[in-house]
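>>> Sequence first, then the predicted structure, then my questions.
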Amino acid sequence: MEESQELLHFWGDANVSEEEYYEAQGIHGSKSFYTSPRGLSLLTRSWLPLSSPPRGIICMVHGYGNDISWTFQSTAIFFAQMGFASFALDLEGHGHSQGLKAFVPNVDLAVDDCFSFFNSIKEKPEFHGLPSFLYGESMGGAICLLIHFRDPKAWKGAILAAPMCKISDSVKPRWPIPQILFLVAKFLPTLPIVPTADLLDKSVKVAEKKLIAGKNPMRYRGKPRLGTVVELLRITDYLHNRLCDVSLPFIVLHGSADVVTDPDVSRALYEAAKSEDKTIKIYEGMMHSLLFGETDENVKIVRGDILSWLNSRCEGREIVVS
């Protein structure tokens, strides 16, 4: 019983409710379900500053196999503490949202879901006139770029943390396995048999944080599904060929020791994008999970770079990391 209670919250104290935890962090958090235009029920969350009106809004997209109710929200809480209203949803097949666990049959439809939900947030009267930003981790970074392509002038900028613009060769199955998988996926797309190493071990550096992430009750622990892998290969190839079409302001952040997504692809994004306002940060020795899995000192460095970038693009009083 104690173990199951411990798994209720990523902060580990079963006696502290979400509301109490958020209040202690100086923010207001809430959750609800959103019905997408295609009829899917998707869990959404918001994290809002308590002490002052928001300086801007940040619409966030998590990565493959992750969700918004566990460690991902540590970054959303930070944004709210820094004065930004933050919003996110569990993608289809992830977290508490509808769909077969870790099955993403069509990334374009997931983009539709995000596009619709984020627009519903931006249209609320209380957020009228505020600068709006996209934030995406890994697969979520790729989805942010696809959202940008839908409406290139809709966003003040994007924060891309280790974006999956191309799947790293170190985690991609070797020939002839991909060719076999493509063939089988046409008939058995939901089959979880794709051979790959545990991404948690390849993403999180700090042992104690690896334990915390591993206790996430919603984390997908099975092998990737055939249809998901085929779809991610398709969409990352598409993105890799369209890096030159990226036009919004962005900051891309990547660890040099990332073996899940390739830091060289982030360098290629920075070089190829036609954005006039673009920034790249490559962190020596850091791994894939930049904003949770690194040491607290490293996380603070990355957060500080993001906040500095946001401050320079928002009117009003700047906030610094203490």
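Arrived safely, thanks for sending.
>>> List the residues that contact the residue nearest to Trp11 when sequence neighbours are not counted.
Spatial nearest neighbour of Trp11, chain neighbours left out: Tyr21 (5.9 Å); criterion: Cβ to Cβ, 6 or more residues apart in numbering. Yep, even glycine has a C-beta here, placed from its N, CA and C like the rest. Taking Cβ atoms under 8 Å, 6 or more residues apart in numbering, we find Tyr21 in contact with His9, Trp11, Asp13.
>>> Including secondary structure, could these go into JSON lines?
Formatted as JSON lines, the contacts of Tyr21 follow (DSSP: H, G, I helix; E, B strand; the rest coil):
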{"residue": "His9", "secondary structure": "coil"}
{"residue": "Trp11", "secondary structure": "coil"}
{"residue": "Asp13", "secondary structure": "coil"}
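>>> In PyMOL, how would I select just the buried ones from those?
Entered in PyMOL, the line below selects the buried ones among the contacts of Tyr21, by 16 or more other Cβ atoms under 10 Å:
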select buried, resi 9
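>>> Can you add distance to Ile212 and pLDDT and give the contacts of Tyr21 back as a markdown table?
Formatted as a markdown table, the contacts of Tyr21 follow (distance: Cβ to Cβ, whole Å; pLDDT from 0 to 100):
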| residue | distance to Ile212 | pLDDT |
| --- | --- | --- |
| His9 | 10 | 80 |
| Trp11 | 9 | 84 |
| Asp13 | 12 | 78 |
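>>> any idea which of the contacts of Tyr21 is the one closest to Pro53?
Trp11 (26.9 Å; Cβ to Cβ).
>>> hmm, back to that, the residue nearest to Trp11 should be in a helix, yeah?
Yes - the assignment for Tyr21 by three-state DSSP puts it in a helix.
>>> Okay, now stretch 16-32: how far is its last residue from its first?
End-to-end distance for stretch 16-32, by Cα to Cα, to the nearest Å: 20 Å.
>>> what's the answer for stretch 123-137, then?
Note: stretch 123-137 ends 24 Å apart using Cα to Cα.
>>> Quick check: buried residues in that stretch?
Under 16+ other Cβ under 10 Å, the buried positions of stretch 123-137 are Phe127, Leu130, Pro131, Ser132, Phe133, Leu134, Tyr135, Gly136, Glu137.
>>> The third one contacts Lys122, doesn't it?
Pointing back at Pro131 there. No - if you go by Cβ atoms under 8 Å, Pro131 and Lys122 don't touch, sitting 10.5 Å apart.
>>> where do the contact lists of these two overlap?
With Cβ under 8 Å, 6+ apart as the test, Pro131 and Lys122 both reach Ile57.
>>> Roughly how far does the residue nearest to Trp11 sit from Ser138?
According to Cβ to Cβ, to the nearest Å, Tyr21 stands 25 Å off from Ser138.
>>> And the pLDDT at Cys244?
Listed pLDDT for Cys244 reads 97.
>>> pretty sure Ser32 contacts Thr44?
Yes - between Ser32 and Thr44 there is a contact under Cβ under 8 Å: 5.7 Å.
>>> who has more neighbours, these two?
Thr44 (19 against 10; other Cβ atoms under 10 Å).
>>> is it true that the more buried one lies in a strand?
Yes - secondary structure of Thr44 (three-state DSSP): part of a strand.
>>> contacting residues around it?
With Cβ under 8 Å, 6+ apart, Thr44 has these contacts: Lys31, Ser32, Phe33, Tyr34, Phe87, Ala88, Leu89, Asp90, Phe117.
>>> all helices of this protein, in order?
Assigned by DSSP state H, the helices in the chain fall at 2-6, 18-24, 73-81, 107-122, 139-150, 177-185, 199-203, 207-214, 226-240, 263-272, 296-311.
>>> ranking the ones you listed by mean pLDDT, which is last?
Taking the mean pLDDT of those, helix 2-6 comes last: a mean of 43.
>>> ok, the spatially closest residue to Ile306 that is not a sequence neighbour - how many residues close by?
Leaving out its chain neighbours, the residue that sits closest to Ile306 by Cβ to Cβ, 6+ apart is Ile159, at 5.7 Å. Per other Cβ under 10 Å, the neighbour tally for Ile159 reads 26.
>>> so who does Ile159 touch?
Ile159 touches Ile58, Phe133, Leu134, Tyr135, Gly136, Phe250, Ile251, Leu253, Ile306, Trp309, Leu310, counting by Cβ under 8 Å, 6+ apart.
>>> cool, and Asp13?
Tyr21.
>>> Nearest to Asp262, out of the contacts of Thr44: which one, please.
Nearest to Asp262 among the contacts of Thr44, with distances taken as Cβ to Cβ, is Ala88, at 24.9 Å.
>>> which of the contacts of Thr44 are buried?
Tyr34, Phe87, Ala88, Leu89, Asp90, Phe117.
>>> Of those, which is the nearest to Ile27?
Phe87 (12.8 Å).
>>> List the residues that contact the closest one.
Thr44, Arg45, Ser46, Trp47, Ile57, Ile58, Cys59, Met60, Phe117, Phe118, Ile121.
>>> Kindly report the same for His254.
His254 sits next to Ala161, Ala162, Thr261, Pro263, Ser266, Ile280, Lys281, Ile282, Tyr283, Leu290 when contact means Cβ under 8 Å, 6+ apart.
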